[in-house]
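Asks: Give the three-dimensional model of this entry:
(chains A and B)
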Number of protein chains: 2
Amino acid sequence: MYSKGGPEDGLLHSPYATRGEMLQAASEIAGLIGVDNVTYDEDVLDHHGHSEWSTSNTPVRAVAVVYPRSTEDVVAVAKTCSARRVPMIPYGAGSSVEGNFSQPHSGICIDFTHMDKVIAFRPDDMDVTVQPGVNWMDLNTRIAGSGLFFPMDPSPTATFGGMVSTNCSGTNAMRYGTMKDWVVNLTVVLPDGSVVKTRRRPRKTSAGYNLTSLFVGAEGTLGIVAEITLKLAPVPADTSVAVVAFPTIADAARAATSLIRSGIPLAALEVMDDVQMRILNSQGSEAVRKRRWDEKPTLFVKYSGTTDGIRSDVRRSTEIIRGVAGDVPFRFARTKQDEHDLWAARKEALFTMVSNRPPGTVVWSTDVAVPLSRLAEIIEISKEECGSLGIFASVIGHIGDGNFHVTMMYDPKDEKMTERVSHVVHDMMSRALEMEGTVSGEHAIGIGKKKCLLDELGDGTIGLMQTLKRSVDPMWIMNPGKVFDMPKDQKER
Amino acid sequence: MYSKGGPEDGLLHSPYATRGEMLQAASEIAGLIGVDNVTYDEDVLDHHGHSEWSTSNTPVRAVAVVYPRSTEDVVAVAKTCSARRVPMIPYGAGSSVEGNFSQPHSGICIDFTHMDKVIAFRPDDMDVTVQPGVNWMDLNTRIAGSGLFFPMDPSPTATFGGMVSTNCSGTNAMRYGTMKDWVVNLTVVLPDGSVVKTRRRPRKTSAGYNLTSLFVGAEGTLGIVAEITLKLAPVPADTSVAVVAFPTIADAARAATSLIRSGIPLAALEVMDDVQMRILNSQGSEAVRKRRWDEKPTLFVKYSGTTDGIRSDVRRSTEIIRGVAGDVPFRFARTKQDEHDLWAARKEALFTMVSNRPPGTVVWSTDVAVPLSRLAEIIEISKEECGSLGIFASVIGHIGDGNFHVTMMYDPKDEKMTERVSHVVHDMMSRALEMEGTVSGEHAIGIGKKKCLLDELGDGTIGLMQTLKRSVDPMWIMNPGKVFDMPKDQKER
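Replies: Next up, the predicted model:
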């Protein structure tokens, strides 16, 4: 069972409203945005306060979930909550993995399910304005006829509000960058209910502070994203895929580095380890199991451009890889179906693995990113450490960005194992930091990586973030307990 | 002659030190960083407080220019200035055009000439750490053998400190984005002398607030950039250039839009108007005058990729342009010399024009950016308005980004004309805003565009910037009077 409101961190004097005051705020909100748009249902609260994809859950729950239908509704929520010091926790698709939407100080959860409109699609400007509840795959389906698409590819369920707030990316980041590179402007409801638009609609600007990038990746701790204008990219004329198996992950990484340095404009460059490849053979979808995969560290290379251009890129990258790694086995997509099936193997890997996990086990999925030259080394050491646990553990890497994911499955009732898994994860974080990397390449910080972030950036830099946070959210009511903690001197009031 | 310190805005009670106190601070700094690194020479002060490229000069000058040689020296400067409420104005190459380094409240100018070291070049990580005084062309010469380069191309004289602070770009922005996309981390000296590093060295991250992007484009109003780690890009295997003349600028813009939408990975897409093309014929360098240029609106298209890929891209873009604009005259680079000469025509345009300007005239160079679909219209109207003045006026556009520059030359002693030029510029700004654009695509705000920025973003958004500024720089001593003004309630103390 979950706990019913109240702070989790043992503060004698909570800076926040009591449970009664929070409920009062919820009731006021119901009066403002409609009773049908507020729920106190315990199952709903539980669903909004917990994720089975995450190991960073807390037992505390929000007192209510509210469903705004417009920016004005969000303003009403913010004004009510700020008048009563009630924490506000924005909630998108619930697919984040670091406890980003958990509610350690209770408060009111804001679910954007009903803010799912495409406000304006402007193909001639190659941009689109959406509400935060729009799903990125739905958008791409909707605009498919235009020759444009939105090029990030996080979790298939992700919605734009969460994508903005976690600065998501995925396999396309090598070519297209991360979420921050695709946001033209944001309409944000600040904690006190005032509304700002970070800028108008130019694709390029050097006018004033980059507020857009301040809110992207802030995990809802500075304000509530209510409208998002996104750049769109032209669909490439053609694409193709090659898959190459290597004796060791270090060989794969060396080949990848040479490819990156060559300047060939790759669309994506991914690596999967032997464990992942074994899963494709045993548990992949029908399309994937048509092939017998080498159970070795494997690079997945995606090309895009004109058909002739790709042919030339494939030829040149084959030479480069053979020059580095010798006569390794290549598979090229000969047809569009081939291409689809080869890439499906990469795309379905994580899901296949998680949906086939042994009964009773949970998943710990985490990622780090390091400077390119250190990637092979950290992957090798991390694989070794995971391997020593005797549980299922695999590695998928966005090798073109120096970013990789480790996924482990373990029995959470086995306390010793849980501790060992946690130890391996923290070792991986420390190692990434020793290599001048980051503790989160694309999952943000949430609750799960707060301590690691402090290790990464130090007191001074976190102090500056706290200063900015306090200036925008003096009552510290926006998604409190995430990214970093409230400074001690502010806790007592 | 210039004025010797003291506030310019007629405040009865300046929030800053008196001229005597400022001189005292300079003398203290001399004690800390060496007397040879501080100057009071009036010519030097004048040179650091005025730009002939800018129409946003102020008569006030700093009391001294200081030349730090290390981050520790910068800390000493900041500690001294913050103890005495002395404004600090960072100075790079002095090539900015909006009065970004002018000193309306006097203070101490910090010149980074001696902080010109490449601290670490890491080809395997494709990154480099530099001090702010490094010139971008020097860096590229220095690392030329590595197969890597830094892909922004602002003014040839620009140094990285200023490039960061103005979020510069140039012709390569279409392919490579703007400065903010190339900064991995910054070491910043805050106004009180404390030092923060915005992050470690991952190429990709979603860990905590994006402090890097907050300082990029902040024009030194939040802190002093003392060290910069930059991503580098692989030099493309091959490049080429095509030049296409059109009957009207609207035809050129239509062709450009179709090229952008095609998904062909162009390296750059620039437009020059008939006036600029006429200048190439009459005043271009020898290499450029080898050709007789059509004196019509002209697109300059740069390709990059593999040799075969480019061949295919050129073929496809020719089809697209002919499809949109009919049988317009193309020039393709047949040799590397050809390619160099064709692109030189674009690159030397502004400089040729300014260095051949009529005696007694000054230059007003400004830029805006608008959504892609509006670019042709705003260029046409702006050309018409400039044309009506009967002075020299030309247009160069980074058409791939919706960004264009207007350059006008006029006699500043002619008050009526000065007013008319100013009026045309302000009309252009208003028009860009009506089209949901920005008043500065790549020159930042400085003093010159403060009022326009307020028009662009409104009180609420500027208020948020002021809130952030005040939280980081409570005494408002970092480059005061730039980007936006101090709120009235803070002026009285």
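Asks: my read: residue A:105 touches residue A:87, true?
Replies: Yes. With contact defined as Cβ atoms under 8 Å, residue A:105 reaches residue A:87; the gap is 4.9 Å. C-beta: built from backbone N, CA, C; applies to glycine.
Asks: so what's in contact with these two at the same time?
Replies: Taking Cβ atoms under 8 Å, 6 or more residues apart in numbering or on different chains as the criterion, residue A:105 and residue A:87 both touch A:16, A:480.
Asks: residue boundaries of the helices in the stretch 151-300 of chain A?
Replies: A:160-166, A:173-176, A:211-215, A:249-262, A:274-283, A:286-289 (DSSP state H, counting those that start in this stretch).
Asks: Let's have the ones you listed in TSV, adding distance to chain B.
Replies: Formatted as TSV, the helices of the stretch 151-300 of chain A follow (distance: least, Cβ to the nearest Cβ, whole Å):
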stretch	distance to chain B
helix A:160-166	6
helix A:173-176	6
helix A:211-215	4
helix A:249-262	5
helix A:274-283	21
helix A:286-289	26
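Asks: which one of those is the most hemmed in?
Replies: helix A:160-166 (a mean of 29; mean count of other Cβ atoms under 10 Å in any protein chain shown).
Asks: Now that helix - C-alpha only, CSV.
Replies: What follows is helix A:160-166 as a C-alpha-only set of coordinates in CSV (Å, rounded to 0.1, in the frame of the first residue of the first chain):
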residue,chain,number,x,y,z
PHE,A,160,6.1,15.5,-26.1
GLY,A,161,5.8,17.0,-22.6
GLY,A,162,7.9,14.3,-21.1
MET,A,163,10.2,14.2,-24.1
VAL,A,164,10.9,17.9,-23.6
SER,A,165,11.3,17.6,-19.8
THR,A,166,13.8,14.7,-20.0
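Asks: Residues in contact with it: which ones?
Replies: In contact with helix A:160-166 (Cβ under 8 Å, 6+ apart) are residues A:90, A:92-93, A:95-96, A:100-101, A:112, A:115, A:130-136, A:139, A:152, A:154, A:168, A:179, A:183, A:186, A:215-220, A:225, A:228, A:230, A:442-444, B:206.
Asks: Reformat the helices of the stretch 151-300 of chain A as JSON lines; add distance to residue A:242 and mean pLDDT.
Replies: Compiled in JSON lines, the helices of the stretch 151-300 of chain A are given as follows (distance: least, Cβ to Cβ, whole Å; pLDDT from 0 to 100):
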{"stretch": "helix A:160-166", "distance to residue A:242": "29", "mean pLDDT": "98"}
{"stretch": "helix A:173-176", "distance to residue A:242": "15", "mean pLDDT": "93"}
{"stretch": "helix A:211-215", "distance to residue A:242": "34", "mean pLDDT": "98"}
{"stretch": "helix A:249-262", "distance to residue A:242": "10", "mean pLDDT": "91"}
{"stretch": "helix A:274-283", "distance to residue A:242": "15", "mean pLDDT": "92"}
{"stretch": "helix A:286-289", "distance to residue A:242": "16", "mean pLDDT": "90"}
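Asks: Where in chain A is the helix or strand with the lowest mean pLDDT?
Replies: helix A:488-491 (a mean of 71; mean pLDDT, DSSP states H and E).
Asks: Tell me who's in contact with the residue lying farthest from the centre of chain A.
Replies: Residue farthest from the centre of chain A, counting by Cα atoms, centre = their mean, is residue A:327 at 36.6 Å. Not one residue lies near residue A:327 by Cβ under 8 Å, 6+ apart.
Asks: State the three-state secondary structure for it.
Replies: Counting by DSSP: H, G, I helix; E, B strand; the rest coil, the backbone at residue A:327 sits in coil.
Asks: do you know how far it is from residue B:450?
Replies: According to Cβ to Cβ, to the nearest Å, residue A:327 stands 64 Å off from residue B:450.
Asks: got it, and residue A:410?
Replies: 58 Å.
Asks: Quick one: name the residues of the stretch 301-450 of chain A near chain B.
Replies: Proximity of the stretch 301-450 of chain A to chain B is confined to A:305-313, A:316, A:369-374, A:398, A:401-403, A:433, A:436-445, A:449 under the rule Cβ under 8 Å from any Cβ of the partner chain.
Asks: Please repeat the previous calculation with a cut-off of 6 Å.
Replies: A:306, A:308-309, A:312, A:316, A:369, A:371-373, A:401-403, A:436-442, A:444-445 (Cβ under 6 Å from any Cβ of the partner chain).
Asks: Over to the stretch 151-300 of chain A?
Replies: A:166-167, A:196, A:200-210, A:213-214, A:217-218, A:234, A:236-237, A:261, A:263, A:265.
Asks: Check those residues for burial and list the buried ones.
Replies: Among these, the ones that count as buried by 16 or more other Cβ atoms under 10 Å in any protein chain shown are A:166-167, A:196, A:200-210, A:213-214, A:217-218, A:234, A:236-237, A:261, A:263, A:265.
Asks: Report pLDDT for the residue farthest from the centre of chain A.
Replies: pLDDT for residue A:327: 93.
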